[in-house]
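Asks: Below: sequence and its predicted model.
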Amino acid sequence: MRAYLTLTRRELASFFLSITGYVLIAGLAFVVGLVFYLTLIAQGTQPVSIPITQVFFNSLVLWIVIVLTPCVITMRLFALERATGTFETLTTTPVTDLQIVAAKFTASVIFFAVMWLPSVGYLFIIQHYAHQPGALDTGTVCSMYLGVFLVGCFVISVGCFASAMTKSQVLAAMVTLVAGIALLILHFLATLIPANGHWQAEVLSFFNIAQQMLDFTRGVLDTRVIIFYLSVTFFFLFLTLRVIESRRWK
Amino acid sequence: MNDGLMIEVENLTKRYAGHTAVSGISFTVKRGEIVGLLGPNGAGKSTTMRVLSCYLPATSGSVRVAGLDVFHNSAEVRRRIGYMPENNPLHLEMRVREYLKFRARLKGLGIARSRERVDVVMEQCSLTDVSKRIIGQLSKGFRQRVGLADALVHEPDLIILDEPTIGLDPNQIRSVRALIKSLANSHTVLISTHILPEAEMTCNRMLIMFGGKILAADTPDNLQRLVSGNGQVVAEIAAPLADLCNCWAQMAEVEHYDVSPADGDFFRCALTPSNGSDLRPIIFGVARDRGWHLRELTRNRHSLEDIYVKITRPPEEEEGA
């Protein structure tokens, strides 16, 4: 546990010791701010009947951001350590492989969460000008962030896996990006093919992240979706662990 | 099980896809020894060290550190080892003290203990003055010392250093060597190097590796004897030529002599002893008794360089010579 906490702290610190961390936070704040501004302009002063969180999340740009940022967060996790050789000094300490993978994943997820913090501000701005006490419901806000968090965890776990496979950060980022885009394509397919009872459509519907996100932003929590995201996250973390362990295989 | 043995390697073989890096080597290292692993690049030194430090598994054979198998008791072995890999990889964006504390914590030291140990190793490696500097901005010599401090921070029984002095300037090499020597009392040290004087100065024993095999294992002195055999002595003496020749011919200890004129009245005598003994005191005695002027007296000492070349030279090269 001690080693896990020490490693997590170091990983987290390394985001803030390099410029990448700040660029990411600023970039995300800018994009989310832009989406927020454009949404407001489009909406005008018309009253809306749907939750603000849902209005906010109706843009595809946010999806691209959710898929893109984990690529940058995770690309250096293992690839950089392998390239510089610090992976060797890390794995020859009495730290277990599980602790290494868990610490790197935790640090990335925490950083991902920190990146989204500025966006909370926009929601409060809306509430301030909405002149309605119930405009912003704590429940829907929490469930919206839970959705972002779950999708983030999933893509981050894919990123961990990609980074563990290679010494090249660029390659790791590319693989994660391709996986993220594949996820978006599945999502488009899922929206095009309605659930018609066939198993293919059923499977595809799990990847309908926009629909799922819509539910999250409305404050509807579907346990199937939550379990789906958690299990794919664990699956990819498990694969990452196996990749890390594989060097000890005879 | 471990009667004073720190490292026990038996028939260690490591194959990578396509080639064998280490083939069937066996050796032991006693507690408190400083052992040098010598060999040209690609001899299998680093691979051996990586297996010892639990980074890579052996293809076959058994490796024990302090009586524990490196594969089955990996975590316990890693706790007892301080390992500095080749090229000394460090987190360049961290500060010296911060890095050492991070490493100490990773190696299982408590907060108070790690603070205490970091202070001790920084003192030991003369890093106290740069404790707040960013590692990436330090000179190579300092970085190397940070790597050494890292290897020492958890007071390991065994310290494994892969080419600790590579790329340093002569002064830095001296200080790193002195540091390694100072570890001798309390630790067992295994260093790899391809610089011979280094091993000669710091090690009690040397293992010479080539092509994945150990070709020789002995103390530097014994290796010296093994290769040089007879210690030829060169003396420059000012004396009549006939007297000199007479004197050497009558001396029982001298098997073969060769006298050639040098500048002035001096003659250069190359003397080979008959039984491998040291001729220098005898020659000095003779020169003093007869009142000859002696201006040089040297034993041709085969440097380890020669030993190394002799042992590690590929056979075809020897035939061609």
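Replies: Yes, it's here.

Asks: Going by C-alpha atoms from here, please, whenever you check contacts or count neighbours.
Replies: Noted.

Asks: pLDDT weak spots in chain A?
Replies: Low-confidence segments of chain A, defined by pLDDT under 70: A:48, A:52, A:56-58, A:131-135, A:195, A:250.

Asks: which stretch of helix or strand covers the residue nearest the centre of it?
Replies: Nearest residue to the geometric centre of chain A (C-alpha atoms, centre = their mean): A:Gly152, 1.3 Å. Mapping A:Gly152 onto the secondary structure by DSSP states H and E places it in helix A:138-165.

Asks: Make sure B:Cys295 is indeed in a strand.
Replies: Check again: residue B:295 is Arg, not Cys. Yes - assigned with DSSP: H, G, I helix; E, B strand; the rest coil, B:Arg295 falls within a strand.

Asks: Spit out the contact partners of it.
Replies: B:235-237 (C-alpha atoms under 8 Å, 6 or more residues apart in numbering or on different chains).

Asks: gap between whichever residue of the stretch 151-300 of chain B sits closest to chain A and B:Leu90?
Replies: As assessed by C-alpha to the nearest C-alpha, chain A sits closest to B:Ala151 within the stretch 151-300 of chain B, at 9.5 Å. From B:Ala151 across to B:Leu90, the span is 12 Å (C-alpha to C-alpha, to the nearest Å).

Asks: again, but for B:Trp248
Replies: According to C-alpha to C-alpha, B:Trp248 stands 61 Å off from B:Leu90.

Asks: Looking at these two, which is more packed in?
Replies: Just comparing B:Trp248 and B:Leu90: by other C-alpha atoms under 10 Å in any protein chain shown the higher neighbour count belongs to B:Leu90, 23 against 19.

Asks: helices and strands around the helix or strand hosting B:Thr47, which ones?
Replies: B:Thr47 is part of helix B:45-52, with elements assigned from DSSP H and E. Other helices and strands packing on helix B:45-52, by 3 or more C-alpha pairs under 8 Å, 6 or more residues apart in numbering or on different chains; DSSP states H and E, are strand B:19-30, strand B:60-65, strand B:158-162.

Asks: The second one vs strand B:158-162, what angle?
Replies: Our comparison of strand B:60-65 with strand B:158-162, counting by axes from the mean of the first three to the mean of the last three C-alpha atoms, to 10 degrees, yields an angle of 120 degrees.

Asks: picking up where we left off before, what's the offset of the helix or strand where the residue of the stretch 151-300 of chain B closest to chain A lies from the middle of its chain?
Replies: B:Ala151 is part of helix B:140-152, with elements assigned from DSSP H and E. Distance of helix B:140-152 from its chain centroid, counting by C-alpha atoms, centre = their mean, to the nearest Å, is 18 Å.

Asks: pLDDT on it, on average?
Replies: Averaged across helix B:140-152, the pLDDT comes to 90.

Asks: Give me the contacts around it.
Replies: So helix B:140-152 is contacted by B:81-84, B:88-90, B:96, B:100, B:103-104, B:121-122, B:124-127, B:135, B:159, B:164-165, B:167-169, B:172, B:176 (C-alpha under 8 Å, 6+ apart).

Asks: so which of these are also by chain A?
Replies: Contacts with chain A within those, as defined by C-alpha under 8 Å from any C-alpha of the partner chain: B:83-84, B:89-90.
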